[in-house]
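Asks: Sequence plus predicted model, see below.
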Amino acid sequence: MARIPDDELERLKREVSIADLLRARGVELKRVGKDLRGRCPLHGPDETPSLFVDTHRNLFICHGCGAKGSVIDLVMRLEGVSFRHAVEILLADYPSVSSRPAGRPPPKRSTVQKLPALVTDEAGDGELRTRVALYYHETLKKHPEPVEYLDGRGLNPESVVDRFKLGYSNRTLGYYIPQSQRKNGKALRTRLQELGIIKSSGHELLRGSLTIPVFDEHGHVVQIYGRKIGRGLRPGVPQHLYLPGRLRGVWNRSALAESKEIVLCEALIDALTFYSAGYTNVTATWGKNGFTEELLEAFKAYATERVLIAFDRDDESEPAAIELAKRLGVEGISCFRVRFPRGMDANDYALRVTPPAQSLGVLLRSAEHVAGPLTTLVPAPAPAPETAADAPEATTPTDAAPETAQASEHAERSEAPPAAEPASPSAAQSSPPPPG
């Protein structure tokens with residue numbers, strides 16, 4: 001489970017007034033010296049007020065039942081919830097906490113919904129998936145771990161997080177769903193289990209993962225990819241996850257509408273790598289053998305002319321890329337193979353050969369024709385820096401130097417295409433891709 005940042009905890013302990021929280025529950029507090037005194041709502045009856053609140057340090061102590069601590073400890077005791085659940089209640093700015101009468105002992109763990117409901121059980125499947133994906137999206141913005149992960153993979157959070165509704169599953173979804181002991185909670189949790197969002201144990205399938213939703217043409221989420229980002233995972237724990245069922249949707253569908261030339265990756269992280277580098281005319285398959293009829297139909301519907309297959313350069317992906325090129329070639333689509341140094345994928349290459357806007361551009365310009373009509377590749381120049389003096393030189397791995405040099409020579413000889421169909425940085429925009 002993702003750790004709650006210390007500064008966030010300290011902010012809650014400092015800014016959420018224990019006195020105000022108690023008064024909201026009907027506890028009368030009177031000044032006694034520097035402290036406030038009242039009847040403790042955690043035990044009863046409290047004939048002689050035994051609860052004291054230190055307003056300066058925002059702490060409480062009850063000399064009757066022994067309870068003491070911060071505002072988080074108070075909410076945990078009042079509501080019978082876990083530490084994390086208490087924090088989520090406070091973060092959601094839900095000061096009323098509950099309407100349970102003062103003096104009534106709290107249950108060990110309440111099953112009554114304390115936070116605003118995320119969704120109702122009347123919602124359709126598409127709406128349920130979409131609401132969950134958007135909840136994960138908002139969660140990402142509150143936690144540093146997924147942003148640090150994106151930065152570590154060389155992905156620009158500012159360009160991809162909101163654009164593709166990237167999210168983060170940190171095991172807090174259940175706090176916004178009624179418990180299964182309650183009628184509406186049982187029905188909703190059953191639906192979420194059927195969609196694969198939560199497991200029979202009640203745990204989220206994608207917990208601890210960066211989430212990337214994939215939308216249909218109507219804007220509904222039809223699939224969510226999860227990439228584990230935690231360190232020290234147990235051996236055998238899968239790092240790439242999908243919701244169960246058919247892999248549906250076309251990630252970054254709008255790119256197909258805006259460009260006749262598409263960069264096709266085998267993983268969503270690789271596709272996001274191209275997008276972050278400025279090559280927005282990109283989409284992805286569901287893995288090296290995951291090209292779907294839906295994606296093929298989308299290529300046909302948008303009259304895609306050229307596909308640059310940017311699969312990994314390894315013994316498994318290489319034959320898959322060639323077979324896919326032949327399949328698309330039969331459909332009249334010109335296919336080119338983007339060749340990374342052996343053993344590397346797009347994200348590996350972009351991290352090692354910098355700046356990625358230039359290094360990826362070299363590979364795109366030197367892609368080799370494999371199948372389909374032989375059409376001229378649209379040049380893919382790297383985005384120019386503000387001044388020529390600011391342009392950094394690409395740093396290339398030693399084992400890739402001969403190949404890159406050959407690519408540059410090929411690019412210089414390539415014939416200039418019509419300017420009407422740019423397939424370079426900023427050639428297209430889009431919506432959500434698969435694993436990386």
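Replies: Nice, I can see it.

Asks: so where is this protein shaky, pLDDT-wise?
Replies: Low-confidence regions of the chain, defined here as pLDDT under 70, cover residues 1-2, 44, 93-117, 119-121, 179-185, 376-436.

Asks: again, 50 this time
Replies: Across the chain, the stretches falling below the confidence threshold (pLDDT under 50) are 94-112, 381-382, 384-435.

Asks: For residue 348, the count of nearby residues, please.
Replies: Using other Cβ atoms under 10 Å, residue 348 has 18 neighbouring residues. (Each C-beta comes from the backbone N, C-alpha and C, glycine too.)

Asks: wait, I meant residue 57
Replies: Residue 57, neighbours per other Cβ under 10 Å, totals 11.

Asks: Could you do the one 4 residues further on as well?
Replies: The local packing count at residue 61 equals 17, with neighbours defined by other Cβ under 10 Å.

Asks: Just give the closest residue to it, not the sequence neighbours.
Replies: Nearest non-adjacent residue to residue 61, counting by Cβ to Cβ, 6 or more residues apart in numbering: residue 68, 3.9 Å away.

Asks: ok, now which ones touch that neighbour?
Replies: With contacts taken as Cβ atoms under 8 Å, 6 or more residues apart in numbering, residue 68 has the following neighbours: 59, 60, 61, 62.

Asks: Look up how far residue 39 lies from the last one.
Replies: Per Cβ to Cβ, to the nearest Å, residue 62 is found 10 Å from residue 39.

Asks: any residues in contact with both of those two?
Replies: Any residue near both residue 62 and residue 39 by Cβ under 8 Å, 6+ apart counts here, and that gives 50, 51.

Asks: still on that earlier bit, specify which member of the contacts of residue 68 is nearest to residue 267.
Replies: Nearest to residue 267 among the contacts of residue 68, counting by Cβ to Cβ, is residue 59 at 49.9 Å.

Asks: you'd agree that closest one is up against residue 72?
Replies: No: contact between residue 59 and residue 72 fails when scored by Cβ atoms under 8 Å: they sit 11.1 Å apart.

Asks: Spatially central residue in the protein, please.
Replies: Per Cα atoms, centre = their mean, the C-alpha nearest to the average position across the chain is that of residue 167, at 2.6 Å.

Asks: you'd agree that residue is up against residue 133?
Replies: Yes: Residue 167 is in contact with residue 133 according to Cβ under 8 Å; the separation is 6.1 Å.

Asks: For the residue nearest to the centre of the chain, which residues count as its bridge partners?
Replies: residue 211 (DSSP bridges).

Asks: what's the spacing between it and residue 334?
Replies: Distance check for residue 167 against residue 334: by Cβ to Cβ, it reads 36 Å.

Asks: Same check on residue 320?
Replies: 19 Å.

Asks: the more surrounded of the two?
Replies: Neighbours around residue 320 and residue 334, counted as other Cβ under 10 Å, are more numerous at residue 334. The numbers are 23 against 20.

Asks: Any chance of the backbone angles for that one?
Replies: Reported as degrees, to the nearest 10, the phi and psi values for residue 334 are phi -80, psi 130.

Asks: go on, the one 3 residues further on?
Replies: Comment: the main-chain dihedrals of residue 337 come out as phi -100, psi 120, following degrees, to the nearest 10.

Asks: Neighbours of it, how many?
Replies: The tally of other residues near residue 337 (other Cβ under 10 Å) stands at 20.

Asks: go on, residue 28?
Replies: Other residues lying near residue 28 total 12 when counted by other Cβ under 10 Å.

Asks: Contact partners for it?
Replies: Shown here is residue 28, whose contacts under the criterion Cβ under 8 Å, 6+ apart are 38, 39.

Asks: Over to the one 5 residues further on?
Replies: Taking Cβ under 8 Å, 6+ apart as the definition of contact, residue 33 has no neighbours.

Asks: Same check on residue 211?
Replies: By Cβ under 8 Å, 6+ apart, the neighbours of residue 211 are 133, 136, 137, 140, 166, 167, 168, 169, 224, 225, 226.

Asks: shouldn't residue 39 be in contact with residue 64?
Replies: No: applying Cβ under 8 Å as the test, residue 39 and residue 64 come out as separate, 9.1 Å apart.

Asks: which residues are common contacts for the two?
Replies: With Cβ under 8 Å, 6+ apart, residue 39 and residue 64 have common neighbours 46, 50, 51.

Asks: How about the first one, nearest residue that isn't a chain neighbour?
Replies: Nearest residue to residue 46, sequence neighbours excluded (Cβ to Cβ, 6+ apart): residue 39, at 4.2 Å.

Asks: Check the last one too.
Replies: The spatial neighbour of residue 51 that comes closest, neighbours along the chain excluded (Cβ to Cβ, 6+ apart), is residue 40 at 4.0 Å.

Asks: number of nearby residues for the one you found?
Replies: Using other Cβ under 10 Å, residue 40 has 24 other residues around it.

Asks: Specify the local secondary structure of it.
Replies: With DSSP: H, G, I helix; E, B strand; the rest coil as the basis, residue 40 sits in coil.

Asks: if I pick it, what's in contact with it?
Replies: Residues touching residue 40, when contacts are defined by Cβ under 8 Å, 6+ apart, comprise 46, 49, 50, 51, 62, 64, 65, 67.
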